[in-house]
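Participant: here is a sequence together with a model predicted from it:
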Amino acid sequence: MHRIPVGVLGASGYAGRELCTLIAGHPGLDLVFATANERRGERLALPTGSLTMVGTEDAPIGQATLVFSALPHGASAEWVARVRAAGPRVVDLSSDLRPGHTAQDVPYGLTELHRDRLRDAPLIANPGCYPTAILLALAPLVRQGLVEPGATVVADAASGVTGAGNSPRADMLFGEVTENFRAYAVGNEHRHLPEMRATIGELGGDLDLLFTPHLLPVARGILATLTVPVTSIPADLMAPWRLAYANEPFIELVTELPSIRDVARRNVVRIAVREARGLRQPTLLVFSAIDNLVKGAAGQAIQNANLSLGLPEALGLPA
Ligand SMILES: NC(=O)c1ccc[n+]([C@@H]2O[C@H](COP(=O)([O-])OP(=O)(O)OC[C@H]3O[C@@H](n4cnc5c(N)ncnc54)[C@H](OP(=O)(O)O)[C@@H]3O)[C@@H](O)[C@H]2O)c1
């Protein structure tokens with residue numbers, strides 16, 4: 001198979017490194033450059049060999065057909081514009097170009113909901129990790145008009161520490177994180193809320209989202225628990241998800257409760273549903289698990305790159 005040349009900006013970070021590993025195992029892609037900032041010049045070990053990371057300004061951008069940007073938000077938008085001006089397609093993993101963060105109308109790569117807009121798209125904004133877990137779990141109820149109008153949907157979610165990136169931070173030291181569990185960004189102000197609100201609005205939702213993230217003392221994985229007031233409890237609890245996600249290779253609807261171990265290093269979201277009993281308002285509990293670095297970042301970015309490049313959507317992805 002002819003391999004399409006691609007590059008990764010931010011390859012020394014957690015998301016960028018995961019991307020490089022997936023590209024190395026992808027039968028249709030060839031990694032032609034990988035960049036780092038402070039770690040420029042270091043070797044990046046990959047299953048297929050190793051490569052030296054170059055500074056972003058030294059990347060041979062014109063050699064790539066598509067560039068992934070795994071740069072921090074704030075730094076990414078400028079590089080995305082530079083790459084686009086030079087010609088290559090871009091999948092941007094940062095929040096800079098996601099809905100609610102920019103006035104530009106950039107296709108939002110929540111693949112299962114938006115794939116018609118992603119085919120052949122020259123620029124795609126890859127979703128955040130929490131929004132991937134939460135929106136894919138909630139969307140069927142919103143789209144099918146089953147959420148109680150005006151309701152508050154509570155999303156409590158916990159992420160492993162790779163969700164915070166690999167820049168040194170005192171609050172991410174092993175001694176602070178291990179054998180510990182805490183909420184952060186409380187008060188419904190997390191930076192993932194704008195893209196979630198925008199997407200829920202676009203799906204026709206009339207609801208408030210109350211999102212509280214937590215820090216889990218593991219390397220990778222997100223588990224989200226959604227409390228959703230509904231108009232009525234479906235006779236078959238999973239029917240709305242089966243209707244929405246028939247034949248989706250990366251969505252697993254399960255009867256047992258999902259856990260992060262079920263989805264580690266896999267490009268899947270695993271969803272289960274229960275009825276909350278003893279409440280006056282009919283309410284569903286929806287559980288969703290992903291690997292934040294795969295379905296929540298690099299894996300979904302490959303799904304989107306495949307669509308942008310006209311390749312089979314699932315090519316090169318661990319199911
Ligand atoms: N981690 C996740 O679970 C996750 C999930 C979804 C989306 N994302 C998004 O993906 C992006 C990368 O996240 P991450 O967790 O991988 O972050 P990270 O571990 O902190 O990595 C950031 C990368 O960007 C480079 N970099 C930092 N500042 C730069 C600058 N000013 N110019 C050029 N390069 C610069 C770093 O290089 P050096 O280290 O060499 O300085 C590193 O390669 C972020 O926008 C994040 O929001 C992350």
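Facilitator: Great, that's in hand.
Participant: what's near enough to touch the residue of the stretch 1-150 of the chain found nearest the ligand?
Facilitator: Residue nearest to the ligand within the stretch 1-150 of the chain (Cβ to the nearest ligand atom): Gly13, separated by 1.9 Å. Placement of C-beta: from N, CA and C, glycine included. Applying Cβ atoms under 8 Å, 6 or more residues apart in numbering to Gly13 gives the contacts 70-72, 165-166.
Participant: only whichever of those residues are buried, select them in ChimeraX.
Facilitator: Listed next is the ChimeraX selection for buried residues among the contacts of Gly13, using 16 or more other Cβ atoms under 10 Å:
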select :70,71,72
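Participant: what is the neighbour count of Glu78?
Facilitator: Neighbour count for Glu78, taken as other Cβ atoms under 10 Å: 13.
Participant: give me the three-state assignment for it.
Facilitator: The three-state label given to Glu78 by DSSP: H, G, I helix; E, B strand; the rest coil is helix.
Participant: next one: Arg242
Facilitator: When classified by three-state DSSP, Arg242 comes out as helix.
Participant: what sits against the spatially closest residue to it that is not a sequence neighbour?
Facilitator: Of all residues not flanking Arg242 in the chain, Leu253 sits nearest, at 6.3 Å (Cβ to Cβ, 6 or more residues apart in numbering). Neighbouring residues of Leu253 by Cβ under 8 Å, 6+ apart: 238, 241-242, 245, 271-272.
Participant: which of those residues has the largest number of neighbours?
Facilitator: Busiest of the contacts of Leu253 [other Cβ under 10 Å] is Ile271, holding 25 neighbours.
Participant: please report how far Ile290 lies from Pro312.
Facilitator: Distance from Ile290 to Pro312, counting by Cβ to Cβ, to the nearest Å: 22 Å.
Participant: got it, and Val90?
Facilitator: For Val90 relative to Pro312 (Cβ to Cβ), the value is 21 Å.
Participant: of the two, who's got more company?
Facilitator: Using other Cβ under 10 Å, the more surrounded residue of Val90 and Pro312 is Val90, with 28 against 10.
Participant: confirm that the more buried one sits in a strand.
Facilitator: Yes: the assignment for Val90 is a strand, going by three-state DSSP.
Participant: ok, now which ones touch it?
Facilitator: By Cβ under 8 Å, 6+ apart, the contact list for Val90 reads 66-69, 80, 83-84, 122-124.
Participant: among these, which ones lie close to the ligand?
Facilitator: Checked against the ligand using Cβ under 6 Å from any ligand atom, these yield no neighbours at all.
Participant: circling back: quick one: which of the contacts of Leu253 is nearest the ligand?
Facilitator: Among these, Ile271 lies closest to the ligand (Cβ to the nearest ligand atom), at 19.0 Å.
Participant: let me see the contact set for that closest one.
Facilitator: Residues near Ile271 by Cβ under 8 Å, 6+ apart: 136-137, 241, 251-254, 258, 286-288.
Participant: from Thr255, how far off is it?
Facilitator: 11 Å.
Participant: again with Leu138
Facilitator: From Leu138 to Thr255 the distance is 19 Å (Cβ to Cβ).
Participant: who has more neighbours out of those two?
Facilitator: Leu138 (26 against 9).
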